[in-house]
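Asker: Sequence first, then the predicted structure:
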Amino acid sequence: MASWGELLAELNQRKAQHGVGVFDTVRREHLAALAKHTGRSVILYATNWTGGSADPQLISITPEDVQGFMEVVRGLPADGLDLVIHSPGGQPEAAEALVDYMRSKFNDIRVIVPHAAMSAATMLACSSNRIVMGKHSSLGPIDPQFIMRTELGPASIPAYAILEQFKMAQEQCKDASLLPSWLPVLRQYGPALLVQCQIAMKLSEKLVADWLRAYMFDGSADARKTATRIAKKLAHHGAHLSHSRFLCRERCRKLGLVVDDLEADQYLQDEVLSVFHATTHTFNATGAVKIIENHLGRAFVKRQQQMVFLQQPLATPQPPGGPP
């Protein structure tokens with residue numbers, strides 16, 4: 001595996017000869033190598049959220065992602081899938097649609113987290129049979145977020161924070177002199193926002209509990225009890241204190257999730273991190289903000305300009321082979 005810096009140097013050198021398309025080439029080389037090593041299909045789902053400059057709506061999990069997954073699932077065998085996720089999350093309803101679709105296509109799904117899968121992306125991880133994390137990898141609380149249009153632009157706001165802020169306003173506005181200070185804040189709330197927050201929080205917890213019971217703990221005598229307990233802990237914003245809290249591998253294990261060590265297979269770790277580094281370099285060098293791509297080169301890419309384009313594989317789709 002090349003480090004982040006070493007891979008960047010290689011990309012810059014090859015870019016001088018082959019142009020910006022080399023970013024796609026190198027990323028796909030490592031996706032193909034990963035599939036060859038595991039003998040399983042691979043799908044990358046990654047967004048440019050750690051870069052900090054993309055529109056939250058463009059990098060969130062949305063219903064449009066189902067269309068992207070339909071494109072990249074085409075031609076893949078139905079047995080085992082490795083889903084590599086790097087995402088800040090998004091809509092629980094969209095996550096549910098993705099899980100329903102993926103589970104209709106694959107019998108066994110392993111989620112690999114090279115860096116972080118937060119919020120609704122953690123929900124996706126909880127729909128897998130098992131999760132692979134490194135020492136540097138993180139999941140996050142599953143309390144949902146809402147994309148709010150503020151004076152400073154769109155922002156992702158936790159549903160729990162909206163409810164708590166409204167409770168604070170109710171208490172403080174008992175003093176009429178404080179009402180003028182709260183009015184600009186309260187104007188942001190639509191007539192149904194508070195109810196939507198409550199429903200979204202219940203939905204996230206229920207979906208995760210149902211998926212854990214059906215997949216990760218399928219066959220376990222206490223599957224329902226274990227799944228419910230884990231979902232409640234992941235959804236408990238008051239315990240995590242921040243929707244953006246990073247939950248490391250050991251904390252995820254303590255919650256009860258089935259987590260494998262990425263470092264247990266050195267070649268697997270090398271290729272997963274190479275895919276991740278190549279993807280971050282793609283985001284930095286191009287207008288791409290979301291990539292959904294399989295190991296055969298079939299891709300669905302979202303650009304900052306909100307344009308979607310499809311990239312077809314260079315060869316006829318074939319199942320992944322054996323170890324290198």
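Answerer: Everything's here; your move.

Asker: so where is this protein shaky, pLDDT-wise?
Answerer: Counting by pLDDT under 70, the chain has low-confidence residues at 1-2, 4-5, 15-20, 52, 147-156, 188-191, 237-241, 243, 305-324.

Asker: Okay, domains of it per the record?
Answerer: Domain assignment for the chain, taken from automatic domain parsing, gives 4-140+246-311, 142-241.

Asker: most tightly surrounded among the ones you listed?
Answerer: Most buried of the domains of the chain, by mean neighbour count (mean count of other C-beta atoms under 10 Å): domain 4-140+246-311, with a mean of 20. (Glycine included, C-beta is placed from N, CA and C.)

Asker: centre of the chain versus it, how much separation?
Answerer: 8 Å (C-alpha atoms, centre = their mean, to the nearest Å).

Asker: Where does the residue lying closest to residue 114 once chain neighbours are set aside sit: helix, strand or coil?
Answerer: Closest residue to residue 114 apart from its sequence neighbours, by C-beta to C-beta, 6 or more residues apart in numbering: residue 276 at 3.7 Å. Secondary structure assignment for residue 276 (DSSP: H, G, I helix; E, B strand; the rest coil): helix.

Asker: Tell me the secondary structure at residue 69.
Answerer: Put simply, residue 69 is helix when judged by three-state DSSP.

Asker: Just to check, the residue nearest to residue 114 is in contact with residue 116?
Answerer: No. Using C-beta atoms under 8 Å, residue 276 is not in contact with residue 116; the gap is 10.5 Å.

Asker: residues bridging contact with these two, i.e. touching both?
Answerer: By C-beta atoms under 8 Å, 6 or more residues apart in numbering, residue 276 and residue 116 have these common neighbours: residue 86.

Asker: How about the contacts made by the closest residue to residue 80 other than its chain neighbours?
Answerer: Excluding the flanking residues, the one nearest residue 80 by C-beta to C-beta, 6+ apart is residue 40, at 4.0 Å. Going by C-beta under 8 Å, 6+ apart, residue 40 touches 79, 80, 81, 82, 110, 320.

Asker: mind checking the backbone torsions on the second one?
Answerer: According to degrees, to the nearest 10, the main-chain angles of residue 80 amount to phi -110, psi 140.

Asker: ok, it - contacts?
Answerer: Residue 80 touches 38, 39, 40, 41, 106, 107, 108, 109, 110, counting by C-beta under 8 Å, 6+ apart.

Asker: ok, so of those residues, who is nearest residue 187?
Answerer: Each of these was scored against residue 187 by C-beta to C-beta, and residue 109 proved nearest at 43.3 Å.

Asker: Are we agreed that the closest one is in a strand?
Answerer: Yes. Under three-state DSSP, residue 109 sits within a strand.

Asker: Quick check: the gap between it and residue 129.
Answerer: Distance from residue 109 to residue 129, counting by C-beta to C-beta, to the nearest Å: 6 Å.

Asker: Could you pull out the residues contacting both of those two?
Answerer: Common neighbours of residue 109 and residue 129 (C-beta under 8 Å, 6+ apart) are residue 215.

Asker: re earlier: let's have the contacts of residue 80 in TSV, adding distance to residue 47.
Answerer: Output for these, formatted as TSV (distance: C-beta to C-beta, whole Å):
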residue	distance to residue 47
38	23
39	27
40	23
41	21
106	22
107	27
108	25
109	19
110	20
